[in-house]
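Colleague: Using only what follows, build the 3D model:
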Amino acid sequence: MASKRPRENESDAPQPKKPRTGFKVGPDNLPDGTWKRKVSKIKKDLIHKAKVKKSYAKLRAREPPVDKPVPDGVLEDVQAAAHLPPQPSHELHPERQAMLDAPREPTPPPLRASQARSGRKRSRKPAYFDKEIAFAEQKKAEAEARKLEFERRDRERKQKIAERERFRKSMAKARTGGKSGQRKLGRESKVLLEKVRRVVAS
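Modeller: Residues are numbered from 1 along each chain as shown. This next block holds a predicted model:
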């Protein structure tokens, strides 16, 4: 019986090299214009930052890890390589020093709120709903007047009803006969006189 041919080990076979294409920022098919310029600017910034980091890492690896102060020349070289701004000095600016050396004048006491308000004029905010607010207030006033008028008329009506009822009762008492069956003219005359006065007054 024939034996099978041994399989070649895949790990031993040489792998084909992939071409290095770099990195991509944004889509490939952008037309020339604002978007493409922006994408290319972002890519340039990223490359520049990566180069700065790489050079900074090289400088850090070259320096001995000692806690003694770094000379100014070396620090300037590192900053120049990393494009970092120079460290600020602790000396005061001449103008600021002159300002501090000048004699101080006594500061006036702070103004109260009313004085501050009277000192400056505040521009009035534009009232967008002035007409609507005035219209609503007018409607409210009219409704209040109607309500008061309704209450007054209701009070008068109730008063007239009560007066009429009292007049009717007094007339009914006057028309009923007394002990002899005669009408009470004195009582009736008083009621009629009151009625005449009311008619004349109105």
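
Colleague: quick check: longest helix of this protein.
Modeller: Secondary structure of the chain per DSSP state H: the longest helix is helix 130-175.

Colleague: ok, then the element right after that one?
Modeller: Following helix 130-175 in sequence order, the next helix or strand is helix 185-201 (DSSP states H and E).

Colleague: rewinding a little: between the longest helix of the chain and helix 185-201, how big is the angle?
Modeller: Calculated by axes from the mean of the first three to the mean of the last three C-alpha atoms, to 10 degrees, helix 130-175 forms an angle of 150 degrees with helix 185-201.

Colleague: Output the contacting helices and strands for helix 130-175.
Modeller: Helix 130-175 makes packing contacts with helix 185-201 when contacts are defined by 3 or more C-beta pairs under 8 Å, 6 or more residues apart in numbering; DSSP states H and E. Every residue, glycine included, has its C-beta placed from N, CA and C.

Colleague: Can you tell me which helices and strands the helix it packs on packs against?
Modeller: Of the remaining helices and strands, those touching helix 185-201 by 3+ C-beta pairs under 8 Å, 6+ apart are helix 130-175.

Colleague: Name the residues that touch stretch 141-155?
Modeller: Applying C-beta atoms under 8 Å, 6 or more residues apart in numbering, stretch 141-155 has no contact partners.

Colleague: 376 is where my numbering starts, stick with that
Modeller: Let's use 376 as the start, then, which means that last one is stretch 516-530.

Colleague: Alpha carbons only: can I get it in PDB?
Modeller: Coordinates of each C-alpha in stretch 516-530 appear next as PDB, following Å, rounded to 0.1, in the frame of the first residue of the first chain:
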ATOM      1  CA  ALA A 516     -61.200  95.300  34.000                       C
ATOM      2  CA  GLU A 517     -64.300  94.900  31.800                       C
ATOM      3  CA  ALA A 518     -65.100  91.500  33.300                       C
ATOM      4  CA  GLU A 519     -64.700  92.900  36.800                       C
ATOM      5  CA  ALA A 520     -67.000  95.900  36.000                       C
ATOM      6  CA  ARG A 521     -69.600  93.400  34.600                       C
ATOM      7  CA  LYS A 522     -69.400  91.300  37.700                       C
ATOM      8  CA  LEU A 523     -69.900  94.300  40.000                       C
ATOM      9  CA  GLU A 524     -72.900  95.500  37.900                       C
ATOM     10  CA  PHE A 525     -74.400  92.000  38.000                       C
ATOM     11  CA  GLU A 526     -74.100  91.900  41.800                       C
ATOM     12  CA  ARG A 527     -75.600  95.400  42.100                       C
ATOM     13  CA  ARG A 528     -78.600  94.500  39.900                       C
ATOM     14  CA  ASP A 529     -79.100  91.200  41.700                       C
ATOM     15  CA  ARG A 530     -79.100  93.000  45.100                       C
END
